[in-house]
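A.B. asks: Generate a structure from the sequence data that follows.
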Amino acid sequence: MSIKATSGQPVILIVDDDLTFLHTLATSFRKRGFTPITADTSFKATSLQQQHRPDHAVVDLKIGSESGLRLIPLLRDVNPKIEIIVLTGYASIATAVSAIRLGAKDYLCKPVDTLQILAALSMKQKQTSPEHPSERELCPSIPEQRMPVYQLEWEYLQKVLLEHNGNISAAARSLGMHRRTLQRKLNKRSGSR
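C.D. replies: The predicted structure follows:
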């Protein structure tokens, strides 16, 4: 039985591998009348989505060594009407456009709070085209910052991998690198440098 059916409160799935942020956000949503369900891996997220069918989801762009972008179509397959907000520590036009094309409602930069997420969930369709956002439109509240090279590389590799439907061999061929090299790069955590 679904959580929503038993509690009457809207259910929101929160997916992030930062456990402190995950629990803080869940507590904040609970205080605002939501029933949060949390996952720190894509596998847990898809399992919870199948079980509870939430109407909203907040997904981090980087979940461990995985891309949160790959989770968007999986969530939408179970509930095509789910509203998904993608969070990231580093704004990039390529990942913002990919997230919107895959079906995310919005793309927000960390640090972010519950009120900003709620505002994004209740926003009307933007008048500007999501196909061509500027860097400042992606994260207007954050001072201009340069993305570290390893983060740019990780996001680009995720984009190419997504274009090849998760096929590492095909993505490696497209990038002109050995499959094992690509796997090693994908497994490195950006925070480890």
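A.B. asks: right, and residue 155 touches residue 90 too?
C.D. replies: Yes. If you go by C-beta atoms under 8 Å, residue 155 and residue 90 touch, sitting 7.3 Å apart. (Glycine included, C-beta is placed from N, CA and C.)
A.B. asks: Name the spans of this protein whose pLDDT lies under the cut-off.
C.D. replies: Within the chain, the stretches with pLDDT under 70 are 1-7, 91, 123-152, 189-193.
A.B. asks: show me the contacts for residue 175.
C.D. replies: By C-beta atoms under 8 Å, 6 or more residues apart in numbering, the contact list for residue 175 reads 157, 160, 182.
A.B. asks: Domain map for this protein?
C.D. replies: For the chain, the structural domains run 3-138, 149-192, going by automatic domain parsing.
A.B. asks: Packing partners of the lengthiest helix in the chain?
C.D. replies: Ranked by residue count under DSSP state H, the longest helix found in the chain is helix 149-163. On a contact count with 3 or more C-beta pairs under 8 Å, 6 or more residues apart in numbering; DSSP states H and E, helix 149-163 meets strand 66-67, helix 93-102, helix 168-175, helix 179-187.
A.B. asks: got the residue ranges for the strands in the protein?
C.D. replies: 11-15, 35-39, 56-60, 62-63, 66-67, 83-88, 106-109 (DSSP state E).
A.B. asks: need these in a markdown table with mean neighbour count and distance to residue 172, can you?
C.D. replies: Listed next are the strands of the chain as a markdown table, based on neighbours: other C-beta atoms under 10 Å; distance: least, C-beta to C-beta, whole Å:
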| stretch | mean neighbour count | distance to residue 172 |
| --- | --- | --- |
| strand 11-15 | 26 | 27 |
| strand 35-39 | 21 | 29 |
| strand 56-60 | 25 | 25 |
| strand 62-63 | 23 | 20 |
| strand 66-67 | 22 | 16 |
| strand 83-88 | 23 | 25 |
| strand 106-109 | 22 | 27 |
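A.B. asks: would you list these in JSON lines and tack on distance to residue 166?
C.D. replies: Converted to JSON lines, the strands of the chain look like this (distance: least, C-beta to C-beta, whole Å):
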{"stretch": "strand 11-15", "distance to residue 166": "17"}
{"stretch": "strand 35-39", "distance to residue 166": "19"}
{"stretch": "strand 56-60", "distance to residue 166": "16"}
{"stretch": "strand 62-63", "distance to residue 166": "14"}
{"stretch": "strand 66-67", "distance to residue 166": "9"}
{"stretch": "strand 83-88", "distance to residue 166": "18"}
{"stretch": "strand 106-109", "distance to residue 166": "21"}
